[in-house]
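Engineer: Could you work out the structure for the sequence below:
(chains A, B, C and D)
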Protein chains: 2
Amino acid sequence: MPPHLTDDVLELMAGKFRMLSDPTRLAILRCLMAGERNVGQVVAETGRGQANVSKHLRMLADAGLIRRRKAGLQVYYAIADPLIEKLCHLVCDTIQADLSREVERKQAMLSEWRIADRG
Amino acid sequence: MPPHLTDDVLELMAGKFRMLSDPTRLAILRCLMAGERNVGQVVAETGRGQANVSKHLRMLADAGLIRRRKAGLQVYYAIADPLIEKLCHLVCDTIQADLSREVERKQAMLSEWRIADRG
DNA sequence: CAACTATATAACTAACCAGTGGAATAGTCA
DNA sequence: TGACTATTCCACTGGTTAGTTATATAGTTG
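Structural biologist: This is a model prediction of the structure:
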């Protein structure tokens, strides 16, 4: 990254992250990571409303994260940007680390309790 | 990633990304990537309002992305999660790719124009 | 203690966005 | 053409949050 990022570049970056900042969109992306799906399949697999899914698919497509392929009555979507998976994996790693730390902290608290109890 | 992510895990992931989905927060993080800074320095370097910066710093600290160190009258902040830089670099890469593609597309359009003009 | 500085908080406004239901569009099959 | 299905668009509601101004807290220095 350059030393000073102008506001418009920051806005571009923020926009990318914003696309990934919604659970429904992440669920959709997770679904598409398994392979190309049509809207009905995504609706079924994510358990979200159809209009809702359609709207999010449009946002993701407009942002260039997924691509659209029309086949007869169905519309198929697929991951277009391979970086998405990398980003999600990194975030999953940090969350796992967070959870590990939390477990350790609680275990330490319990240990101290036992020591204090004994003393 | 496991095949099916529960909604609470998706919400955790979305929350991480949401922290990075604001230009002001990105500007702050970019500033801290150069090293530890106190609030005044961050305000000066980002050009944002003091209350605004303070609020975002708190959000970032609460989310565990940065850490807080009080020294007398000043409060110093620093990056706590090294993954942030990786995420930002990845996103910068995708943006650069997007821009390259856009330039190529425009250049292609201009080329076609010249060909059509000649024909 | 009083004046001063750095940082944090409170209250408020405006904008944005997720979700929903219903109407509209487009493709398919009889 | 008419019934049917998959998908998209529209209008609305409620909740979230960014930014601002003014105020409060905490540490420092005289």
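Engineer: Spatially central residue in chain A, please.
Structural biologist: A:Leu26 (3.6 Å; C-alpha atoms, centre = their mean).
Engineer: Name the residues of chain A found near chain B, please.
Structural biologist: A:1, A:3, A:5, A:7, A:9-18, A:20-23, A:26-27, A:30, A:33-34, A:64, A:81, A:83, A:86-95, A:98 (C-beta under 8 Å from any C-beta of the partner chain). Any C-beta I mention is one placed from the backbone N, CA and C, and that applies to glycine too.
Engineer: and those residues, which of them are in helices?
Structural biologist: Among the residues of chain A next to chain B, the ones falling in helices (DSSP state H) are A:7, A:9-18, A:23, A:26-27, A:30, A:33, A:83, A:86-95, A:98.
Engineer: Can you name the residues that contact the residue lying closest to the residue nearest to the centre of chain A once chain neighbours are set aside?
Structural biologist: Closest residue to A:Leu26 apart from its sequence neighbours, by C-beta to C-beta, 6 or more residues apart in numbering or on different chains: B:Leu10 at 4.9 Å. Contact analysis of B:Leu10 by C-beta atoms under 8 Å, 6 or more residues apart in numbering or on different chains lists A:Pro23, A:Leu26, A:Ala27, A:Arg30.
Engineer: And the pLDDT at B:Leu10?
Structural biologist: B:Leu10 carries a pLDDT score of 93 in this model.
Engineer: quick one: it from A:Val91, how far?
Structural biologist: 11 Å (C-beta to C-beta, to the nearest Å).
Engineer: how does chain A divide up, domain by domain?
Structural biologist: Using automatic domain parsing, the domain parsing of chain A gives A:1-81, A:82-119.
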